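Asks: I would like to see how this sequence folds:
(one chain, ligands or ions: 1)
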Amino acid sequence: MSSLNNFYSTTVDTQTLNPPQRLLMGPGPINADPRVLRAMSAQLIGQYDPAMTGFMNETMARYREVFKTQNQWTMLIDGTSRAGIEAVLISILRPGDKVLVPIMGRFGHLLTEIAQRAQAEVHTIEVPWGEVFKPEQIEDAIKKVQPRVLAMVQGDTSTTMNQPLGDIGEICQRHDVLFYCDATASIVGNELPVDEWKLDALSVGLQKCLGGPSGSAPITLSDKCVDWIRTRKKVEAGIRTEAHKDGVEPFIRSNYFDLGMIMDYWGEERLNHHTEATSMLFCASECARIVLEEGVDNVVARHKLHGDAMLAGVQALGLKVFGDISNKMNNVVGVYIPDEVDGDQVRGQMLTDFGIEIGTSFGPLHGKIWRIGTMGYNARKDAVLQTLACLEACLHANGYKGPKGEAVIAALAHYSQASPISVS
Ligand SMILES: Cc1ncc(COP(=O)(O)O)c(C=O)c1O
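Replies: This is a model prediction of the structure:
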């Protein structure tokens, strides 16, 4: 401990767990909504208590609304977002099945990695980081590969790009391909009507625009996807009865992520699988409730409003924005680190002097760009303005030669031009 200052900003009180106060303005996680934190501290109830099973059903109904779907099988996977990805991919891909993964950033590589571990035959197409795919590129690759599954990311936080998906479901239906999407970072920050866009499977996480902590992965599955998963049915010994029949296809190579068994647990049979992570169920449910109270479209509009204010601010600060801005996610912006400053020093000072976190970046962008998020509970005017003021101060304290005093003014100007109803 070098000084009192450092003590307050960097250490955790070991007696009472008192993490430092931070404003998390990176690409996620972000500060959880206080209502969500309160929901997580509610007392536990038994797994088969009607209050618990009723609450599970209510949570399914809430996520149907969040996802704009009628899919019956809309439920939670216990684990972080990649648990949702893994559950979907391992359940729909038999060893040897062909999957096409369009890669536009780090998380496309993650889908590839998970599909490889599921022993699928993985085919990829790529665009440079900072770009998105055109529907024709995806259709051409589907024609060539003839995959069983198309697996792609909507908002890839590693590049800040938001892949347009409106035409992709139609293409998949034309070619009899199951369409899976990872929208961990984009859900409710950007439009994603599951049924209208004809998705067969979607998985998300809580720690971005949904305003919760990581640890639960809501998913939804179309009837077509469920019918396919059911062909791989296997019920484990010990709970299996005479009535349970194995599916005709090879069983799913994971017990924990077997979506057939997870559906039997969330469905009417209530067949025991894992012990539902009750506190995360409360948490995920509250995240959805908060979104539905505000209205899904309003939540997306709020992310656009504050994301655009942040964009106006960083541009006025003279920072060059990364990637194709016309396809930028509403909830995160990438900016090039100016040559004359040390990126880690600036981020470090923002954290220790102001308690504000912005994101670094991965792979080819490492050390080149910062990623600044405006999402979930932090998609707010005060959070945007504080971050811009702090970034400007820290840039200039570290030798930046760009404009002074413009960033906050530009963001305020953006807010004053926006419709007053949508400003929150
Ligand atoms: C698009 C996307 N997919 C998957 C993940 C992995 O999520 P988790 O760390 O919750 O497993 C992230 C995390 O940032 C993400 O942005």
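
Asks: ok, now which ones touch residue 90?
Replies: For residue 90, the contacting residues are 114, 117-118, 252-254, 257, taking Cβ atoms under 8 Å, 6 or more residues apart in numbering as the criterion. (Glycine included, C-beta is placed from N, CA and C.)

Asks: any idea which element it lies in?
Replies: Following DSSP states H and E, one finds residue 90 within helix 81-92.

Asks: on that earlier part again, buried ones among the contacts of residue 90?
Replies: When neighbours are counted using 16 or more other Cβ atoms under 10 Å, those contain these buried positions: 114, 118, 252-254, 257.

Asks: Next, count neighbours for residue 189.
Replies: Using other Cβ atoms under 10 Å, residue 189 is surrounded by 31 other residues.

Asks: returning to that earlier point: please save the CA atoms from the helix holding residue 90 in PDB.
Replies: Presented in PDB, the C-alpha positions along helix 81-92 are these (Å, rounded to 0.1, in the frame of the first residue of the first chain):
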ATOM      1  CA  SER A  81     -22.900 -16.500 -21.700                       C
ATOM      2  CA  ARG A  82     -20.500 -19.000 -23.100                       C
ATOM      3  CA  ALA A  83     -22.500 -21.700 -21.200                       C
ATOM      4  CA  GLY A  84     -25.500 -20.700 -23.300                       C
ATOM      5  CA  ILE A  85     -23.400 -20.900 -26.500                       C
ATOM      6  CA  GLU A  86     -21.900 -24.200 -25.600                       C
ATOM      7  CA  ALA A  87     -25.300 -25.700 -24.600                       C
ATOM      8  CA  VAL A  88     -26.800 -24.700 -28.000                       C
ATOM      9  CA  LEU A  89     -23.900 -25.800 -30.100                       C
ATOM     10  CA  ILE A  90     -23.200 -29.100 -28.400                       C
ATOM     11  CA  SER A  91     -26.900 -29.900 -28.500                       C
ATOM     12  CA  ILE A  92     -27.600 -29.200 -32.100                       C
END
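
Asks: is that helix anywhere near the ligand?
Replies: Yes - taking Cβ under 6 Å from any ligand atom as the criterion, helix 81-92 and the ligand are in contact, through 81-82.

Asks: How far does that helix sit from its chain's centre?
Replies: With Cα atoms, centre = their mean, to the nearest Å as the basis, the distance from the averaged C-alpha position of helix 81-92 to the chain average is 14 Å.

Asks: Strands - which of the contacts of residue 90 land there?
Replies: The members of the contacts of residue 90 all map outside strands under DSSP state E.

Asks: got those residues as JSON lines, with pLDDT and distance to residue 96 columns?
Replies: Formatted as JSON lines, the entries for the contacts of residue 90 read as follows, by pLDDT from 0 to 100; distance: Cβ to Cβ, whole Å:
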{"residue": "114", "pLDDT": "98", "distance to residue 96": "16"}
{"residue": "117", "pLDDT": "97", "distance to residue 96": "14"}
{"residue": "118", "pLDDT": "97", "distance to residue 96": "10"}
{"residue": "252", "pLDDT": "97", "distance to residue 96": "14"}
{"residue": "253", "pLDDT": "94", "distance to residue 96": "12"}
{"residue": "254", "pLDDT": "96", "distance to residue 96": "17"}
{"residue": "257", "pLDDT": "98", "distance to residue 96": "19"}
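
Asks: ok, and for the longest helix along the chain, which residues are buried?
Replies: Ordering each helix of the chain by length in residues (DSSP state H) puts helix 296-316 first. Neighbour-count burial for helix 296-316, counted by 16+ other Cβ under 10 Å, picks out 296, 299-316.

Asks: near the ligand, which residues of this protein?
Replies: 28, 80-82, 107, 153, 156-157, 182, 184-185, 205, 214.

Asks: Repeat the analysis, applying 8 Å as the threshold.
Replies: By the criterion of Cβ under 8 Å from any ligand atom, the positions of the chain lying close to the ligand are 27-28, 79-83, 85, 107, 110, 153-158, 182-186, 205, 207-208, 214, 217.

Asks: counting contacts, what elements does the longest helix of the chain pack onto?
Replies: Counting contacts by 3 or more Cβ pairs under 8 Å, 6 or more residues apart in numbering; DSSP states H and E, helix 296-316 packs against strand 332-336, helix 381-397, helix 407-417.

Asks: any idea which of these is most buried?
Replies: Between the helices and strands packed on helix 296-316, the one whose residues have the most neighbours on average, counting mean count of other Cβ atoms under 10 Å, is strand 332-336 (a mean of 25).

Asks: And the contacts of that one?
Replies: Contacts made with strand 332-336 from outside it, assessed by Cβ under 8 Å, 6+ apart, are listed as 27, 130, 155, 157, 159-160, 185, 307, 310-311, 314, 319-323, 359, 361, 365, 368-375.
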